[in-house]
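Enquirer: Mind looking at a prediction? Sequence and model below.
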Amino acid sequence: MPSRSLTPAEHCNMKNKLQYDDYIRRSILLNNEFGIKDIRDLEQLKSMSLIREEYPRIAELAKNKDVESIKNLQPSTVKTSEYIAIMQFADQGGEKYIVTTYDNDDLSQDPQVIDIFKM
């Protein structure tokens, strides 16, 4: 069965996701206290507008390793220019982590790691 070609929009979205994931990988490697040297199986659990007052609740879910509740977080109806992505990954030894990342509409800023939680 022949595979279809990607549309320009699909190609652009895939390129942007790969670039975003690369920024996150580099940020994790530069900013971790766990000795992480390799990131495997990076998976986005949730992405939404960041309401700073709601971050402690998100961090508590991550600390408690509550992946299902993270996936089911309801996005705020308030739109902001700041965003949070919550991802999970494994390190070189298979140890699993949840990472929270920050991004905003300022094109000069790359996504940044907020916290890394060991599962």
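Expert: Structure received. Because the structure is predicted, anything quoted here is derived from the model rather than measured.
Enquirer: contacts and neighbour counts: CA atoms only from here.
Expert: Fine.
Enquirer: Isn't residue 47 up against residue 74?
Expert: No - counting by Cα atoms under 8 Å, residue 47 sits too far from residue 74 to count as a contact (10.3 Å).
Enquirer: which of these two has more neighbours?
Expert: Between residue 47 and residue 74, counted using other Cα atoms under 10 Å, the more crowded position is residue 47 (18 against 10).
Enquirer: Can you verify the more buried one is assigned to a strand?
Expert: Yes - counting by DSSP: H, G, I helix; E, B strand; the rest coil, residue 47 is located in a strand.
Enquirer: Report pLDDT for it.
Expert: Looking at residue 47, its pLDDT stands at 90.
Enquirer: What sits closest to it if chain neighbours are left out?
Expert: residue 85 (4.2 Å; Cα to Cα, 6 or more residues apart in numbering).
Enquirer: Okay, buried residues for the host helix or strand of that neighbour please.
Expert: Counting by DSSP states H and E, the element that carries residue 85 is strand 82-90. Judged by neighbour count (16 or more other Cα atoms under 10 Å), strand 82-90 contains these buried residues: 83-90.
Enquirer: Name the residues that touch that strand?
Expert: Residues outside strand 82-90 that contact it (Cα atoms under 8 Å, 6 or more residues apart in numbering): 39-51, 70, 96-105.
Enquirer: So in terms of bridging, what pairs with the residue nearest to residue 47?
Expert: According to DSSP bridges, the residues that bridge with residue 85 are residue 47, residue 101.
Enquirer: I'd like the distance from it to residue 49, if you could.
Expert: To residue 49, residue 85 is 9 Å away according to Cα to Cα, to the nearest Å.
Enquirer: same question, residue 101
Expert: 12 Å.
Enquirer: For the chain, which segments count as helices?
Expert: Listed in chain order, the helices of the chain (DSSP state H) span 8-30, 55-63, 67-71.
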